[in-house]
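*Asks:* give me a 3D structure for the following:
(one chain, ligands or ions: 1)
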Amino acid sequence: MHKIGIGVIGCGSIAELAHFPSIKQSENVELTAVCDIDEETAKRAKEKWEARAWYTDYEKMLKEDNLKAVIIASPPKFHCQQAIACAERGLHLLIEKPLAVTNKEAWDIVDAARENKVRLMVGCDRRFWPQNQWAKELIEEGVIGKVMMGRATMHEHVKFYQDNIAFTDFRLHPEIAGGSAVADTGAHAIDLLIWLIGSPVKRVTGIADRRVLNEERWGKCDDTAVIMMEHENKALSYVSCNRFSPVVSQFTELYGNEGTIFTTSDAQNPYQTAPLAVYTTKDYEYEQLPEIIRKYRWPQIFWAEDLITHPVKKRWVSIYPPREPNNYYYLCQHFIDCIVNDKEPLTKGEDGARAVEVMCAVFKSMETKGWVDLPLKEEVIPPYYQPNSLSTSGRG
Ligand SMILES: NC(=O)c1ccc[n+]([C@@H]2O[C@H](COP(=O)([O-])OP(=O)(O)OC[C@H]3O[C@@H](n4cnc5c(N)ncnc54)[C@H](O)[C@@H]3O)[C@@H](O)[C@H]2O)c1
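*Replies:* Just a heads-up that it's a prediction; the model follows:
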């Protein structure tokens, strides 16, 4: 079978953790070329992951004959320019989150993909954790009724990723990253919440600010973000992210009129002890329980009670999906599947752009001190961000 040629721009930590291993595990894909602005990084990635070629200039890489798709895993500032160049060459795109820094950049990417008829997917991998996929399935089956409130959180000191995993310090530079709590971790929380609630965001208010971390050590990026969103179906949701908590906590809560679902993926704690927890007020006989609940729950009571109580007793159910293969693998496989079988990705470019709109609306709302309607009417440039310049790579 003819293999799909993939190129990777930005061979840093997420490419190492997620994209290269997933490409390696895929039979119908070959790593045609890798590109990194840092020569050593590009060369090392080529050797380690057995790419055919390496580049430091992505425009040269795009001239490779066998290329069919590109994964963009460079810092956010570079996504727009690189994505448009790829789309214009007819290359399908998987772009890491956040899709871009400003709302204009994000929609420019979406437009370029549409005009050039290429697939565009954004790397919101949290949707690919089984517990979040199962939460979505249960919500769509109506297990918790109409979901009218939600909360997604990601509290994680920037040092965890920055000091141990990242290749560069772009996260400390708002001129490249755009934002930190609101854009780096917030990108995941915002996307997950909008998808699980299943209704677009109508208006936004919030704060994204540096309130705790020392500027000399950690830069000017926001370390605290709270975002309130009102959805078109009138649901209200809330995002809480920070970059100063010494212990990582992450969870998502969905409140329906007939039940509640909690999920967690990045870290559990004594209060969120299962990847997926469900409470429903619906009457189910054991055989009628949604398959996800019947097969994967670990009862907190003597299991036989479920067989002798009619309907099944109402209580919290903890569900433990298998952890492997992981979210990134599923995400990359999905991208390949979308190219091979000409499918619409689960995490579409438009979803990425809508999440960027929310981030930008937070900055706008700090100026206007109120709610900001979506879609935004003008480009919002986050504080300190410097668009449209490729003069720096974020290396500290
Ligand atoms: N989905 C996730 O969970 C996840 C996790 C981490 C990072 N990310 C995203 O992936 C992207 C990269 O983050 P990272 O943590 O891998 O960063 P990193 O600092 O570890 O690596 C970035 C790499 O890009 C290279 N680079 C910088 N400017 C470039 C340019 N103009 N062209 C080509 N290469 C360039 C750097 O030399 C470096 O090797 C960001 O958008 C980030 O938000 C996503």
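*Asks:* going by C-alpha atoms from here, please, whenever you check contacts or count neighbours.
*Replies:* Will do.
*Asks:* from the ligand, how far off is the residue of the chain most remote from its centre?
*Replies:* The outermost residue of the chain relative to its centre, with distances by CA atoms, centre = their mean, is Ile308 at 42.3 Å. Going from Ile308 to the ligand by CA to the nearest ligand atom, to the nearest Å gives 44 Å.
*Asks:* need the pLDDT of that residue.
*Replies:* Here, the pLDDT recorded for Ile308 equals 89.
*Asks:* by contact count, what packs against the helix or strand hosting Ala106?
*Replies:* Using DSSP states H and E, Ala106 maps to helix 103-115. Helix 103-115 sits against helix 79-88, helix 349-368, with contacts defined as 3 or more CA pairs under 8 Å, 6 or more residues apart in numbering; DSSP states H and E.
*Asks:* for the helix or strand just after it, what is the distance to the chain centroid?
*Replies:* Next helix or strand after helix 103-115 toward the C-terminus (DSSP H and E): strand 120-123. Centroid separation for strand 120-123 versus its chain: 9 Å, with CA atoms, centre = their mean, to the nearest Å.
*Asks:* now stretch 63-75: buried residues?
*Replies:* Buried residues in stretch 63-75, counting neighbours by 16 or more other CA atoms under 10 Å, are found at Asn66, Leu67, Lys68, Ala69, Val70, Ile71, Ile72, Ala73, Ser74, Pro75.
*Asks:* and the third one, what helix or strand is that in?
*Replies:* The secondary structure element spanning Lys68 is strand 67-72 (assigned by DSSP H and E).
*Asks:* could you give the angle of the helix holding Ala106 to helix 349-368?
*Replies:* Relative orientation of helix 103-115 versus helix 349-368 (axes from the mean of the first three to the mean of the last three CA atoms, to 10 degrees): 160 degrees.
*Asks:* ok, which stretches of the stretch 101-250 of the chain are helices?
*Replies:* For the stretch 101-250 of the chain, applying DSSP state H, counting those that start in this stretch gives helices covering 103-115, 130-140, 158-164, 174-177, 186-197, 215-218.
*Asks:* Phe244: which of those is closest?
*Replies:* Closest to Phe244 of the helices of the stretch 101-250 of the chain is helix 158-164 (CA to CA; 6.6 Å).
*Asks:* please tabulate the helices of the stretch 101-250 of the chain in TSV, including the columns mean neighbour count.
*Replies:* Compiled in TSV, these are given as follows (neighbours: other CA atoms under 10 Å):
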stretch	mean neighbour count
helix 103-115	21
helix 130-140	20
helix 158-164	14
helix 174-177	24
helix 186-197	24
helix 215-218	12
